[in-house]
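Novice: sequence unknown, structure follows:
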Ligand SMILES: CC(=O)N[C@H]1[C@@H](OP(=O)(O)OP(=O)(O)OC[C@H]2O[C@@H](n3ccc(=O)[nH]c3=O)[C@H](O)[C@@H]2O)O[C@H](CO)[C@@H](O)[C@@H]1O[C@H](C)C(=O)N[C@@H](C)C(=O)N[C@H](CCC(=O)O)C(=O)O
Ligand SMILES: Nc1ncnc2c1ncn2[C@@H]1O[C@H](COP(=O)(O)OP(=O)(O)OP(=O)(O)O)[C@@H](O)[C@H]1O
């Protein structure tokens with residue numbers, strides 16, 4: 001199995017926009033593009049041949065349609081000259097873009113103008129890369145959305161489908177697996193030209209399934225338009241991303257968009273929370289429900305959960321008393337939910353239950369290690385790196401790692417991200433103070449915000465949750481992050497547990513526009529080894 005690679009220096013981060021597409025693309029006449037957009041393309045421009053689509057001038061290749069979108073800082077029309085220099089055959093933009101182009105010298109390629117070009121990018125990408133269901137058959141598409149659990153569930157789906165002998169790709173926060181070398185991700189859900197290009201590429205390479213994370217940003221920014229998910233899954237909804245969606249209602253409405261006819265053929269919805277129940281009750285897509293708590297009626301229910309190793313054995317009972325016996329190797333009851341969701345999504349895709357049980361028994365597919373998700377670095381002291389970066393995830397991660405050993409203390413190291421949902425910071429502080437014995441507050445990704453001010457927000461929540469006496473013993477503010485991790489290791493006794501939360505698999509910390517190489521797993525390993533503690537080896541899914 002490949003080992004993790006860690007960047008050697010701060011300068012190595014490659015954030016260049018990516019381009020993915022199949023090796024062979026049949027040209028689409030610009031007239032057909034115009035027809036799809038409802039825009040007339042006068043001769044002779046209607047003969048221009050389009051062989052690709054790009055939102056960024058830096059990824060344009062000859063024959064592309066360059067889509068010049070309005071952005072947060074610039075308008076894509078500012079980059080039309082670059083795009084044409086790189087070979088763009090035509091430009092699609094909005095009125096503002098057309099106005100900007102009219103101010104410059106003549107644009108030597110056809111320019112099509114629509115009100116909202118972002119709304120057109122998905123369907124156009126599907127048309128240009130021929131990634132529509134009929135064209136990509138037999139490749140089945142699985143999409144997972146929800147606040148927490150998307151990455152883990154997509155890894156579980158991938159691992160289960162592979163255990164069933166299916167050639168399966170993956171698109172998500174950590175990496176893209178498209179039948180070649182793993183590609184580190186820049187976004188959880190890439191822009192639609194990349195998504196459609198990837199699906200066509202996977203199809204060309206003979207893959208027959210793909211599991212994909214769908215972020216709420218992606219739905220808002222129309223990145224999943226033009227896709228039809230064979231099975232769409234919903235994990236849960238808790239507070240996060242309220243910088244993008246101003247209320248939970250809005251956040252929910254965005255997620256619910258995925259579960260509409262034309263976007264999903266079937267839905268599998270976890271109904272453990274009220275949002276899942278609402279979704280299941282309102283979607284017009286054929287829906288299968290799933291519950292881990294047994295409190296809410298559901299088509300499939302988890303029962304008989306009992307610990308085995310670090311993970312859990314459990315039974316899934318459904319239609320007419322049908323059962324499946326499942327083992328997940330990752331700790332935490334939430335990973336029972338993720339594994340159950342993966343199983344039901346695969347069942348709903350048409351796999352026979354007996355065949356699925358055989359794959360679960362022989363390959364133990366949920367023993368897969370998901371990078372930075374409940375990743376065990378050492379077992380004595382227990383040292384875990386986890387991506388929990390919102391209140392609910394942090395609470396569940398802390399509960400999952402708490403050791404029953406008498407006298408064992410739980411030490412948590414975490415911070416909050418800058419420029420994201422500021423309201424969650426004090427809640428995260430309070431949860432840590434309530435559930436851990438020693439709370440070390442440090443930096444996450446401050447981005448452009450003042451890191452000390454972010455720590456102060458978290459600290460304020462933690463202080464409020466604690467009584468005055470415990471303040472001196474259990475609550476520390478330590479920065480930078482690598483020092484905070486070393487500090488946790490220095491405090492740990494063999495019977496203790498350290499949870500380093502918030503950044504999981506990430507290997508870069510972004511501070512005021514500068515990328516610093518920082519991998520929690522490496523820092524933790526190094527500090528534990530320096531103290532003479534044993535560390536465990538890395539494991540990860542193969543590409
Ligand atoms: C907030 C947000 O989502 N912004 C997206 C948006 O960027 P923007 O509006 O700032 O673009 P801009 O920099 O002003 O540029 C305007 C236009 O000019 C183009 N351009 C720009 C420069 C150039 O040299 N050439 C060029 O053509 C750009 O491609 C863009 O279309 O449009 C860009 C391209 O279309 C996206 O890449 C970009 O995502 C950025 C990178 C991003 O970080 N998004 C995050 C917040 C995100 O989507 N995260 C979710 C997960 C969230 C979570 O769960 O935590 C995700 O799915 O990853
Ligand atoms: N089903 C779940 N319910 C609640 N918390 C979960 C669940 N699954 C995972 N978590 C917690 O959330 C963290 C992130 O998990 P994961 O990466 O699978 O979710 P995600 O939805 O992909 O997150 P993101 O959108 O931030 O990338 C985990 O490290 C764990 O602490």
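Specialist: Yep, it's here. Bear in mind that the values here come from a model prediction, so they are computed numbers and not experimental data. Residues are numbered from 1 along each chain as shown. Ligands and ions are numbered 1, 2, ... in the order given.

Novice: can you list the domain ranges for the protein.
Specialist: As assigned by automatic domain parsing, the chain contains the domains 10-128, 135-367, 375-530.

Novice: Please convert those domains to TSV, extending it with distance to ligand 2.
Specialist: Glycine gets a C-beta too; all of them are placed from N, C-alpha and C. Below are these laid out as TSV (distance: least, Cβ to the nearest ligand atom, whole Å):
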stretch	distance to ligand 2
domain 10-128	17
domain 135-367	3
domain 375-530	3
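
Novice: give me every residue that touches residue 61.
Specialist: For residue 61, the contacting residues are 19, 52, 54, 86-87, by Cβ atoms under 8 Å, 6 or more residues apart in numbering.

Novice: That one in helix, strand or coil?
Specialist: At residue 61, secondary structure determined by DSSP: H, G, I helix; E, B strand; the rest coil is coil.

Novice: still on that earlier bit, between the domains of the chain, which one is nearest to residue 536?
Specialist: For those, distance to residue 536 was read as Cβ to Cβ. The smallest value, 6.0 Å, belongs to domain 375-530.

Novice: end to end, how far does the closest one reach?
Specialist: Chord length of domain 375-530, first to last residue, is 20 Å (Cα to Cα, to the nearest Å).

Novice: again with stretch 493-508
Specialist: This stretch, stretch 493-508, spans 29 Å end to end (Cα to Cα).

Novice: Show me which positions of that stretch end up buried.
Specialist: 496-508 (16 or more other Cβ atoms under 10 Å).

Novice: Now secondary structure too, for those residues, in TSV please.
Specialist: Converted to TSV, those look like this (three-state DSSP):
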residue	secondary structure
496	coil
497	strand
498	strand
499	strand
500	strand
501	strand
502	coil
503	coil
504	coil
505	coil
506	coil
507	coil
508	strand
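
Novice: related to what we said a few turns ago, quick one: least confident of the contacts of residue 61?
Specialist: Lowest-confidence member of the contacts of residue 61: residue 19, scoring 91 (pLDDT).

Novice: wouldn't it be in contact with residue 54 here?
Specialist: Yes - counting by Cβ atoms under 8 Å, residue 54 is a contact partner of residue 19 at 6.6 Å.

Novice: tell me, what's touching those two both at once?
Specialist: 61, 193.

Novice: what's the neighbour count on residue 325?
Specialist: For residue 325, the neighbour count with other Cβ atoms under 10 Å is 12.

Novice: And for the one 4 residues further on?
Specialist: The burial count assigned to residue 329 is 20, neighbours taken as other Cβ under 10 Å.

Novice: Verify the stated contact: it with residue 365.
Specialist: No - with contact defined as Cβ under 8 Å, residue 329 does not reach residue 365; the gap is 9.4 Å.

Novice: Tabulate the domains of the chain in CSV, adding columns for distance to residue 536.
Specialist: Converted to CSV, those look like this (distance: least, Cβ to Cβ, whole Å):
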stretch, distance to residue 536
domain 10-128, 26
domain 135-367, 11
domain 375-530, 6
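
Novice: on that earlier part again, near ligand 1, list only the ones from the contacts of residue 61.
Specialist: For ligand 1, no contacts are drawn from the contacts of residue 61 by Cβ under 6 Å from any ligand atom.

Novice: and these, which are buried?
Specialist: 19, 52, 54, 86.

Novice: Let me have those residues in a markdown table, extended by secondary structure.
Specialist: Listed next are the buried ones among the contacts of residue 61 as a markdown table, based on three-state DSSP:
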| residue | secondary structure |
| --- | --- |
| 19 | coil |
| 52 | strand |
| 54 | strand |
| 86 | coil |
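
Novice: Ligand 1: which of those residues is nearest?
Specialist: residue 54 (7.9 Å; Cβ to the nearest ligand atom).

Novice: now that closest one: how far from residue 79?
Specialist: According to Cβ to Cβ, to the nearest Å, residue 54 stands 10 Å off from residue 79.

Novice: cool, residue 28 as well?
Specialist: Counting by Cβ to Cβ - residue 28 and residue 79 are separated by 23 Å.

Novice: Just give the number of residues close to residue 279.
Specialist: Residue 279: 25 neighbours (other Cβ under 10 Å).

Novice: mind checking the SS state of it?
Specialist: Applying three-state DSSP: residue 279 is helix.

Novice: Isn't it up against residue 256?
Specialist: Yes - if you go by Cβ under 8 Å, residue 279 and residue 256 touch, sitting 5.7 Å apart.

Novice: Kindly provide the whole-number mean pLDDT of the helix or strand containing residue 384.
Specialist: Using DSSP states H and E, residue 384 sits within strand 382-386. The pLDDT scores in strand 382-386 average 96.

Novice: So which residues make contact with it?
Specialist: 331, 372-377, 393, 397, 401, 403, 489, 492, 496-501, 503-504, 520-521, 524, 528, 535.

Novice: what about the strands in the stretch 251-400 of the chain?
Specialist: 264-270, 287-291, 300-308, 311-318, 322-328, 375-379, 382-386 (DSSP state E, counting those that start in this stretch).

Novice: Quick check: which of those is nearest to residue 349?
Specialist: Of all those, strand 264-270 comes closest under Cβ to Cβ, at 8.0 Å.

Novice: Provide the contact partners of stretch 483-495 at residue level.
Specialist: 380-381, 383, 403, 405, 407-409, 411, 413, 438, 440-442, 476, 478, 498, 500, 520, 523-524, 527-528, 530-531, 533.

Novice: quick one: which of the residues you listed sit in strands?
Specialist: 383, 411, 413, 438, 440-441, 476, 498, 500 (DSSP state E).

Novice: Just checking: the least confident one among the residues you listed is which?
Specialist: Minimum pLDDT across the ones in strands among the contacts of stretch 483-495 falls on residue 476, with 82.

Novice: tell me the contacts of the closest residue to that one other than its chain neighbours?
Specialist: The shortest distance from residue 476 to any residue other than its chain neighbours is 4.9 Å, reached at residue 440 (Cβ to Cβ, 6 or more residues apart in numbering). With contact taken as Cβ under 8 Å, 6+ apart, residue 440 is in contact with 411-414, 476-478, 484, 487-488.

Novice: Need the max-distance pair from those residues.
Specialist: 411 and 477 (14.3 Å).

Novice: Settle it for me: which of these two has more neighbours?
Specialist: Set residue 411 next to residue 477 and count neighbours by other Cβ under 10 Å: residue 411 wins out with 24 against 16.

Novice: neighbours of the nearest residue to the more buried one once chain neighbours are set aside, just the number please.
Specialist: Of all residues not flanking residue 411 in the chain, residue 438 sits nearest, at 4.3 Å (Cβ to Cβ, 6+ apart). Using other Cβ under 10 Å, residue 438 has 20 other residues around it.

Novice: show me what contacts residue 438?
Specialist: 409-412, 473-476, 488, 491.

Novice: ok, 7 Å please
Specialist: Residues near residue 438 by Cβ atoms under 7 Å, 6 or more residues apart in numbering: 409, 411, 474, 491.
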